[in-house]
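Engineer: Below are the sequence and a predicted model for it; my questions follow.
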Amino acid sequence: MAELHVVSELVAKRGKLAGQVQLCHQELQRLAAELGHLDATIRLFAPAYDLGGIRPRKRRRGQQWFAPGECQRLVLEVMRDAGGPLSDQSVAQAVAARKGLQDRSKVLAVLHKTSLAVLRRLTGKGAARAVELAGGGWAWMRA
């Protein structure tokens, strides 16, 4: 005979998932109704507008590694502690080490893009600056 505690947990899990599915269906119906209202409003202002030509926008999910402002704070800490210019790859590796992220190429590639965006934003704010290295590369340091 099946273990009762296993079956009861599976039944509870199924009930939870069924509830989530029901909520998703309700949200889908609400969004479809809202979309219909928007289409009708567009037709009021521009009856000849081709609604089929409007492409849906994909929602971009940001990475979930940092709280708001945390990456910028870590980049500033790394540059402060370095004492000299760092390449953007070095900044990304140091931020990964401070955050405790795995040292995998995929993680570092995403983190490199994120830290580079932070460095450019800090440059625009005047908190960091890019310096040209003798070898022709670029490095970053605090302003």
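Structural biologist: On my side now, so go ahead.

Engineer: okay, CA-based contacts and neighbour counts for the rest of this
Structural biologist: OK.

Engineer: Quick one: name whatever helix or strand follows whichever helix in the chain runs longest.
Structural biologist: Longest helix of the chain, by residue count under DSSP state H: helix 4-45. Using DSSP states H and E, the helix or strand that follows helix 4-45 in sequence is helix 70-82.

Engineer: so what does that next one touch, helix or strand wise?
Structural biologist: helix 88-99, helix 105-125, strand 138-142 (3 or more CA pairs under 8 Å, 6 or more residues apart in numbering; DSSP states H and E).

Engineer: okay, the ones you listed in a markdown table with distance to residue 37, mean pLDDT and mean neighbour count next?
Structural biologist: What follows is those, written out as a markdown table (distance: least, CA to CA, whole Å; pLDDT from 0 to 100; neighbours: other CA atoms under 10 Å):
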| stretch | distance to residue 37 | mean pLDDT | mean neighbour count |
| --- | --- | --- | --- |
| helix 88-99 | 45 | 89 | 19 |
| helix 105-125 | 38 | 89 | 16 |
| strand 138-142 | 50 | 87 | 20 |
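
Engineer: want to throw the ones you listed into JSON lines with distance to residue 46?
Structural biologist: Converted to JSON lines, the helices and strands packed on helix 70-82 look like this (distance: least, CA to CA, whole Å):
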{"stretch": "helix 88-99", "distance to residue 46": "49"}
{"stretch": "helix 105-125", "distance to residue 46": "40"}
{"stretch": "strand 138-142", "distance to residue 46": "51"}
